[in-house]
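Enquirer: Build the 3D model from these lines:
(one chain, ligands or ions: 2)
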Amino acid sequence: MPNPQQARPDLVPSPTDPYDALLLVSFGGPEQPEDVVPFLENVTRGRGIPRERLEVVGEHYFLFGGRSPINDQNRVLIAAVEKELADHGLDVPVYWGNRNWAPYLADTVAQMAADGVRRALCLVTSAYSSWSSCRQYLDNLAAATAAVPDGLAAPRLDKIRAYYNHPGFVAANVDGVLAALADLPDDVRDEARLVFVTHSIPISMSDDSGPEGGAYVAQHLDVAAVVAARVAAATGVERPHELVYCSRSGAPHVPWLEPDVNDRLEELAAEGTAAVVLIPVGFVSDHMEVVYDLDTEALATAERLGLPARRAASAGTHPAFVTAVRELVLERAAAERGEAVARPALGVRGPSHDCCPLGCCVGSDA
Ligand SMILES: CC1=C(CCC(=O)O)c2cc3nc(cc4[nH]c(cc5[nH]c(cc1n2)c(C)c5CCC(=O)O)c(CCC(=O)O)c4C)C(CCC(=O)O)=C3C
Ligand SMILES: [Fe+2]
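Expert: Numbering: from 1, shown residues only. Ligands and ions are numbered 1, 2, ... in the order given. The predicted model follows:
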């Protein structure tokens with residue numbers, strides 16, 4: 001076999017080959033009050049979300065000036081990842097496209113095609129498996145690729161594996177919990193319960209998540225156990241932990257994952273719990289669900305109940321998470337080159353697959 005590197009001595013092989021770009025894929029959010037209603041229409045098109053729910057969620061955005069934190073979170077993540085790549089001599093441009101708001105994926109992928117990108121690796125700002133958090137993004141990427149204007153070659157887009165159990169994502173969450181614990185009053189710190197929080201989804205969607213089903217909840221329970229164990233090791237105190245949910249949507253008759261964080265706080269207060277740390281492990285950065293559902297609503301619930309509570313930081317741009325992004329890029333690139341690679345993963349489930357098999361995360365009923 002002719003080796004193209006030998007034929008072209010000027011071409012230095014790069015550890016990011018065969019990729020020539022990284023694409024950050026996210027949900028998108030409104031940036032000003034006029035954006036809120038059209039954004040919500042984009043999110044809920046064809047999803048059967050009752051009008052009353054949309055009005056309630058719209059108010060959450062208006063409470064924050066009609067601006068979601070998510071886009072700015074992505075801007076700082078991109079800057080941090082660009083610096084991380086450059087600091088390691090990795091020369092790949094980072095693009096950004098969203099499902100529900102500008103910059104839209106279709107526009108970004110068309111730009112990538114115009115720039116001559118042939119193959120890009122995609123980092124989705126969701127670490128878990130389910131239709132909403134994985135398969136729907138794959139569908140969005142396929143649609144964006146299909147919409148590339150005639151005359152341009154669409155780039156091939158590969159998605160980085162679900163990374164909830166990557167050591168860097170775990171380390172960032174552990175640090176968040178340790179800082180939140182340190183911020184609790186001394187007399188309740190050791191008694192604090194660790195309450196991990198993620199986005200509720202319909203139970204049917206949860207049951208259908210991952211290749212064998214049930215992955216969404218199982219992944220969260222796995223990472224919660226790892227984070228709790230590391231926090232115990234770091235503090236010398238074993239604290240009970242559990243998983244609860246926020247941001248239930250959909251029609252009232254459709255069952256979604258429970259308990260809701262607020263309902264659970266009521267129970268915990270009634271049981272005489274001394275304190276809680278709310279850990280937004282289901283969110284990669286401070287999305288509206290974090291700043292509204294947790295910081296505004298759940299912390300107010302805790303306050304009303306007289307239950308000392310702190311919210312742990314999400315991974316955001318924690319250096320361990322930014323490093324993890326670089327490692328995930330290099331891991332996948334090496335795998336695509338056919339090299340044997342280590343796939344670091346904590347917990348009991350092992351590393352997630354690179355390519356979702358048919359039938360993975362198919363259930364999308366809302
Ligand atoms: C699993 C999951 C994630 C995590 C994975 C990921 O990150 O993608 C996520 C993220 C997000 N969800 C977000 C916002 C919304 N989600 C909605 C509705 C829904 N979410 C669902 C699930 C998820 N959602 C589902 C099953 C629905 C019902 C409609 C449907 O079946 O598709 C609605 C409609 C109104 C409402 O009903 O709440 C809004 C406004 C934002 C932006 C926040 C910001 O602005 O910072 C983000 C990051
Ligand atoms: Fe959502």
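
Enquirer: Surely P50 is in contact with R248?
Expert: No: at 12.0 Å, P50 and R248 do not qualify as touching, with contact defined as C-beta atoms under 8 Å. Backbone N, C-alpha and C define where each C-beta goes, glycine included.

Enquirer: With neighbour numbers in mind, choose between these two.
Expert: R248 (19 against 13; other C-beta atoms under 10 Å).

Enquirer: and the more buried one, what does it touch?
Expert: S200, W256, L257, E258, D260 (C-beta atoms under 8 Å, 6 or more residues apart in numbering).

Enquirer: ok, P280 to ligand 1 distance?
Expert: 11 Å (C-beta to the nearest ligand atom, to the nearest Å).

Enquirer: anything in stretch 129-139 near ligand 1?
Expert: Yes: applying C-beta under 6 Å from any ligand atom, one finds stretch 129-139 touching ligand 1 at S130, S132, S133.

Enquirer: And that stretch, what's buried?
Expert: Going by neighbour count (16 or more other C-beta atoms under 10 Å), the buried part of stretch 129-139 is S129, S130, W131, S132, S133, C134, R135, Q136, Y137, L138.

Enquirer: got it, and stretch 344-363?
Expert: Across stretch 344-363, burial judged by 16+ other C-beta under 10 Å covers P344, A345, L346, G347, R349, P351, S352, C356, C360, C361, G363.

Enquirer: is it possible to export those residues to CSV including distance to V36, pLDDT and secondary structure?
Expert: What follows is the buried residues of stretch 344-363, written out as CSV (distance: C-beta to C-beta, whole Å; pLDDT from 0 to 100; DSSP: H, G, I helix; E, B strand; the rest coil):
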residue, distance to V36, pLDDT, secondary structure
P344, 40, 98, coil
A345, 38, 98, coil
L346, 38, 98, coil
G347, 38, 98, coil
R349, 38, 98, coil
P351, 38, 98, coil
S352, 34, 97, coil
C356, 32, 93, coil
C360, 33, 94, coil
C361, 29, 94, coil
G363, 29, 79, coil
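
Enquirer: residues touching the closest residue to ligand 1 within the stretch 101-250 of the chain, list them.
Expert: The stretch 101-250 of the chain approaches ligand 1 most closely through S249 (2.8 Å), counting by C-beta to the nearest ligand atom. Going by C-beta under 8 Å, 6+ apart, S249 touches I49, R53, V57, S200, W256, A366.

Enquirer: Confirm it sits in a strand?
Expert: No: checked against DSSP: H, G, I helix; E, B strand; the rest coil, S249 lies outside a strand; its state is coil.

Enquirer: Distance-wise, check it relative to E339.
Expert: Noted for S249: a distance of 43 Å to E339, by C-beta to C-beta, to the nearest Å.

Enquirer: looking at it, G97 is touching T145, isn't it?
Expert: No: if you go by C-beta under 8 Å, G97 and T145 don't touch, sitting 11.2 Å apart.

Enquirer: Need the overlap of contacts for these two.
Expert: Listed as contacting both G97 and T145 by C-beta under 8 Å, 6+ apart are V109.

Enquirer: ok, those two, which is more surrounded?
Expert: Counted by other C-beta under 10 Å, G97 and T145 do not tie: G97 has more neighbours, with 24 against 18.

Enquirer: For Q32, the count of nearby residues, please.
Expert: The number of residues packed near Q32 is 9, by other C-beta under 10 Å.

Enquirer: Once you drop chain neighbours, what's closest to it?
Expert: Counting by C-beta to C-beta, 6 or more residues apart in numbering, Q32 lies nearest to G66, which is 5.2 Å off, once chain neighbours are set aside.
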